[in-house]
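Participant: model the following, please.
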Amino acid sequence: MRLLTCVISYNRYHFLRNTVDSFREFFRFGDLAVIDNGSDEHPLVAYLEELEGHGIRVERQKGLHSRRSLDPVSAAGGVEAQVDASLASDRPGFVSAAKKALEIGLASGYDYVQILPDDIQFVWHDSDILDKISHVFSVESDVTVLNPSFFGRQYLALANVEYRTESRTFRHKWLPMTDCGIVPASRIAEHGFRFIDTPGNREYWGSRGYRSYFLAEPIAAYVPWPPVVRAGLRTGFYRAPPNKYYLKPLDQGRIRQLANPSSESLPFEEDYCMPWNWAALRPYGLTSMDYADFVHGVAACWRRRDWQIPHWGFSGFPKFFVPNPIVAAPALAWSAAWQVGNRAARKLLGSGRR
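Facilitator: Model prediction:
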């Protein structure tokens, strides 16, 4: 099988380098291309030229960012989204970049195209991954996209997916498409470009019975709290990784944990992937980590009876904290008060029924 991996770059030098380096060390299969969304930050522009010098294809999308970079060295305030309103307003140019990636894959005769944002990191090497990918698409006829990443605890419940024993995957019961993952080129050729936020996309795939699938033994993870554009404003954190990678690669013990997937548990990123040499508040946030966003994430877990208590997770000696403990304190206090109040209410209601 021929596989093309396309990484979509967002003016975030360290994040792109993190994704590309981890691809070279842990994935190693197929070809690599970078779709750049109008980056103008000097280290990243130089890095793109370096990649081209090593034979990696780089496609540059123009006019998708203002000149104010997501890197705070050159950023002042927000980042303006100069894109068509029908595209993803909170991720300038992602849809057009994904479309470009699929066009390259189809024109070049690839069987599969893997589309990744630049805040994804491969965390271990699975020597059988190509066979696994091919097997999933051969035994599951309704796959639109196969996601290789760990689940985020606040975003997915066990009740929303079903474990497929033959393909060793989790099939989402109602979600027909996700915004990144491995896409079969033949399906795109048959149905045309219909990916993520394309208008009417979910209705199109969903009405035809297609669903998103997730590897039960995921090989990649999101870097927590990346800088992103939300409604034209920059949110999230930008910093160089304290070690070679943002996330510590999985050791053999964690890899063995993944080797026996079941229908009873999901491979959550918070359980397997740890930021290297820094501290993180769990559950992880994928973008901003303000009070409202964090409480919303914890509440989502609690609604599914996944009783997550916010706590600091450490890996080695922390060089810095994310988020600032002062910023996190209201969320911790509010979450604790909510849990105490919820238990008290349940106890009161329970006694009232007697």
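
Participant: how about stretch 169-181: buried residues?
Facilitator: Buried residues in stretch 169-181, counted by 16 or more other Cβ atoms under 10 Å: 169-172, 175-181. For every residue, glycine as well, the C-beta is placed using N, CA and C.

Participant: actually stretch 208-218, not the one I wrote
Facilitator: For stretch 208-218, a neighbour-count test (16+ other Cβ under 10 Å) marks 210-218 as buried.

Participant: the domain parsing of the chain - what is it?
Facilitator: Domain assignment for the chain by automatic domain parsing gives 3-220, 277-354.

Participant: so of those, which one's packed in deepest?
Facilitator: Highest mean neighbour count of these: domain 3-220, a mean of 19 (counted as mean count of other Cβ atoms under 10 Å).

Participant: for residue 40, see how far away residue 140 is.
Facilitator: 42 Å (Cβ to Cβ, to the nearest Å).

Participant: quick revisit: which one of the buried residues of stretch 208-218 is nearest to residue 53?
Facilitator: The shortest gap between residue 53 and any of the buried residues of stretch 208-218 belongs to residue 218, at 31.9 Å (Cβ to Cβ).

Participant: surely residue 227 meets residue 12?
Facilitator: Yes: using Cβ atoms under 8 Å, residue 227 is in contact with residue 12, at 6.4 Å.

Participant: tell me the centre residue of the chain?
Facilitator: Residue closest to the average C-alpha location in the chain (Cα atoms, centre = their mean): residue 222, at 4.4 Å.

Participant: show the contacting residues for it.
Facilitator: When contacts are counted by Cβ atoms under 8 Å, 6 or more residues apart in numbering, residue 222 touches 119-121, 149-150, 152, 269, 284, 286.

Participant: quick revisit: do you know which of the domains of the chain lies nearest residue 256?
Facilitator: Evaluated over those, closeness to residue 256 peaks at domain 3-220, with 10.8 Å, by Cβ to Cβ.

Participant: mind checking the end-to-end distance for that closest one?
Facilitator: Length of domain 3-220, first residue to last, Cα to Cα, to the nearest Å: 16 Å.

Participant: how far is that domain from where the chain is centred?
Facilitator: Distance of domain 3-220 from the chain centroid (Cα atoms, centre = their mean, to the nearest Å) equals 9 Å.

Participant: okay, helices next: where are they in the stretch 201-350 of the chain?
Facilitator: Taking DSSP state H, counting those that start in this stretch as the test, the helices found in the stretch 201-350 of the chain are 201-207, 252-258, 269-272, 291-303, 325-353.

Participant: buried residues, the second one. List them.
Facilitator: Counting neighbours by 16+ other Cβ under 10 Å, one finds that the buried residues in helix 252-258 are 254-255, 258.

Participant: pick the one among these closest to residue 247.
Facilitator: Distance to residue 247 across the buried residues of helix 252-258 (Cβ to Cβ) is lowest for residue 254, with 11.5 Å.

Participant: the nearest residue to that closest one once chain neighbours are set aside: neighbouring residues, count only.
Facilitator: Closest residue in space to residue 254, ignoring its immediate chain neighbours: residue 272 at 5.4 Å, by Cβ to Cβ, 6 or more residues apart in numbering. A count of nearby residues for residue 272, using other Cβ atoms under 10 Å, gives 19.

Participant: then residue 246?
Facilitator: For residue 246, the tally of surrounding residues (other Cβ under 10 Å) stands at 26.

Participant: pLDDT score assigned to it?
Facilitator: Reading off the confidence values, residue 246 has pLDDT 89.

Participant: what does it show for phi and psi?
Facilitator: The phi/psi pair for residue 246 (degrees, to the nearest 10) reads phi -70, psi -40.

Participant: my read: it touches residue 121, true?
Facilitator: Yes: at 6.0 Å, residue 246 counts as touching residue 121 under the criterion of Cβ under 8 Å.

Participant: residue ranges with poor pLDDT in the stretch 201-350 of the chain?
Facilitator: Residues of the stretch 201-350 of the chain meeting the criterion pLDDT under 70: 229-237, 277-283, 285-294, 309-328, 330-332, 334-336, 338-339, 350.

Participant: which ones are touching residue 146?
Facilitator: Contacts for residue 146 (Cβ under 8 Å, 6+ apart) come out as 133, 136-137, 169, 181-182, 213-215.

Participant: repeat that with 10 Å
Facilitator: 112, 114, 132-133, 136-137, 140, 167, 169, 178, 181-184, 212-215 (Cβ atoms under 10 Å, 6 or more residues apart in numbering).

Participant: ok, back up a step: what's the closest of the buried residues of helix 252-258 to residue 52?
Facilitator: Nearest to residue 52 among these is residue 255, at 33.8 Å by Cβ to Cβ.

Participant: my guess is the closest one meets residue 126, correct?
Facilitator: Yes: assessed by Cβ atoms under 10 Å, residue 255 is found in contact with residue 126 at 8.5 Å.

Participant: where do the strands sit along the stretch 151-300 of the chain?
Facilitator: With strands called from DSSP state E, counting those that start in this stretch, the stretch 151-300 of the chain shows them at 161-164, 169-172, 181-184, 211-215, 220-222, 228-230, 233-235, 279-282.
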